[in-house]
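1. Provide a 3D model corresponding to the input given below.
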Amino acid sequence: MNDLLDLMVDQGAKGYCVAASCQRLFEYMRIPCDQHEMAQLLNVDVVRGANAIEMQKSLAKVDQKFGVAFKPLVNPELYYDNRGKRRVSLKEFAGIID
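-> The predicted structure follows:
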């Protein structure tokens with residue numbers, strides 16, 4: 001299997017950092033999906049990028065479409081408000097997910 005570092009995906013100017021990262025992961029897992037399709041499934045906004053809470057809600061679409069089962073490690077609603085602003089500091093959040 002390829003190393004994830006060999007699977008770089010250029011996100012371009014669309015704010016697709018999350019979608020491009022998902023494409024890398026899917027390529028590693030040999031699941032055919034590009035960042036544009038992933039961005040649509042995850043409701044990524046071209047200007048604002050990805051919203052953690054919306055992504056969490058969209059995971060069921062990804063699971064269903066590709067026959068995978070993602071298990072979130074954290075619930076973003078506990079750490080972000082409905083506008084996508086962190087409720088805890090970046091250091092606290094990093095400690096939680098570490």
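
2. and the residue nearest to the spatial centre of the chain, what element?
-> Nearest to the mean C-alpha position of the chain, by C-alpha atoms, centre = their mean, lies V18 at 4.2 Å. Here V18 sits within helix 17-28, counting by DSSP states H and E.

3. going on from that helix, what's the next piece of helix or strand?
-> Counting by DSSP H and E, the next helix or strand C-terminal to helix 17-28 is helix 35-41.

4. ok, and what's touching that next one?
-> Under the criterion C-beta atoms under 8 Å, 6 or more residues apart in numbering, residues 9, 11, 14, 16, 19-20, 22-23, 26, 44, 58, 61-62, 65 lie in contact with helix 35-41. From N, CA and C alone the C-beta is placed, and that goes for glycine too.

5. which among the residues you listed end up buried?
-> By neighbour count, with 16 or more other C-beta atoms under 10 Å, the contacts of helix 35-41 hold V9, Q11, K14, Y16, A19, A20, C22, Q23, F26, V44, S58, V62 as buried.

6. my read: the last one touches Q56, true?
-> No. In terms of C-beta atoms under 8 Å, V62 does not count as a neighbour of Q56; the distance is 11.0 Å.

7. burial measure for the nearest residue to V18 once chain neighbours are set aside, as a count.
-> Nearest non-adjacent residue to V18, counting by C-beta to C-beta, 6 or more residues apart in numbering: A50, 3.9 Å away. Residues lying near A50 (other C-beta atoms under 10 Å) number 22.
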